[in-house]
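**Student:** this one's sequence-less:
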């Protein structure tokens with residue numbers, strides 16, 4: 001049976017934008033031939049990480065969605081593991097405070113006491129830590145490989161790579177894999193097309209620069225949601 005896969009990435013807490021994009025693409029969670037693939041980075045920077053989490057977790061539990069680990073998921077794992085030094089760094093630099101505010105519905109400050117935050121999240125979302133830790137590093141379906149950051153096609157043993165290899169690599173700097181197409185998020189498409197730009201100004205003048213980028217053996221789908229306020233949806237029938 002041919003399935004229709006709807007692939008998104010780098011939602012970063014933009015629930016309304018995600019739902020608008022899925023509606024526009026005619027994704028139907030009740031259609032047994034529709035399957036959603038999320039290539040990481042559900043959280044941080046946007047205001048609605050709670051809504052994103054609850055929607056995607058439920059779909060995942062129902063077998064209607066596959067979620068791949070991204071670097072922003074690891075930020076939340078680090079906090080829940082008690083690595084507060086990293087958590088404070090991500091609060092300062094990576095938008096994690098907005099995730100905590102959304103999850104706990106509290107007006108938190110950057111110097112918030114993270115032990116209390118950790119306990120409150122564990123109480124409110126007892127499944128969260130184990131679920132995040134269970135997310136795969138990549139997903140292979142037919143001739144497609146879905147991964148957050150990238151895969152080095154020159155490495156014949158890429159499947160033995162470390163988690164950071166899959167999460168933090170940038171596919172635009174790596175070789176493709178023969179007879180495969182690697183679908184990635186993580187690297188914002190506009191930064192590939194137009195390096196070193198003012199991306200707010202670029203979106204005003206060239207919004208198409210944020211659309212899906214097709215390259216030889218590679219597809220990039222990160223629409224830079226913080227700037228574009230949109231989520232790209234790649235549709236594949238496999």
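**Tutor:** The structure has been received and is ready for your questions. Predicted, not measured: the structure shown is a model, and the values here were computed from it.

**Student:** in stretch 98-117, which residues are buried?
**Tutor:** 98, 99, 100, 101, 102, 103, 104, 108, 112, 114, 117 (16 or more other Cβ atoms under 10 Å). In short, each C-beta sits where N, CA and C put it, glycine included.

**Student:** give the bridge partners for residue 37, please.
**Tutor:** residue 7, residue 66 (DSSP bridges).

**Student:** ok, it to residue 185 distance?
**Tutor:** 11 Å (Cβ to Cβ, to the nearest Å).

**Student:** now do the strands in this protein.
**Tutor:** Using DSSP state E, the strands of the chain run over residues 4-8, 34-38, 65-67, 138-141, 144-147, 181-184, 213-215, 218-220, 234-237.

**Student:** let's have these in TSV, adding mean pLDDT.
**Tutor:** Formatted as TSV, the strands of the chain follow (pLDDT from 0 to 100):
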stretch	mean pLDDT
strand 4-8	98
strand 34-38	98
strand 65-67	98
strand 138-141	98
strand 144-147	98
strand 181-184	98
strand 213-215	98
strand 218-220	98
strand 234-237	98
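
**Student:** using a markdown table, please lay out those together with distance to residue 167 and mean neighbour count.
**Tutor:** Below are these laid out as a markdown table (distance: least, Cβ to Cβ, whole Å; neighbours: other Cβ atoms under 10 Å):
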| stretch | distance to residue 167 | mean neighbour count |
| --- | --- | --- |
| strand 4-8 | 17 | 22 |
| strand 34-38 | 14 | 21 |
| strand 65-67 | 13 | 20 |
| strand 138-141 | 10 | 17 |
| strand 144-147 | 8 | 24 |
| strand 181-184 | 11 | 24 |
| strand 213-215 | 20 | 14 |
| strand 218-220 | 16 | 23 |
| strand 234-237 | 20 | 15 |
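
**Student:** could you dump the ones you listed into a markdown table with distance to residue 78 added?
**Tutor:** Listed next are these as a markdown table, based on distance: least, Cβ to Cβ, whole Å:
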| stretch | distance to residue 78 |
| --- | --- |
| strand 4-8 | 24 |
| strand 34-38 | 20 |
| strand 65-67 | 18 |
| strand 138-141 | 21 |
| strand 144-147 | 20 |
| strand 181-184 | 22 |
| strand 213-215 | 30 |
| strand 218-220 | 26 |
| strand 234-237 | 29 |
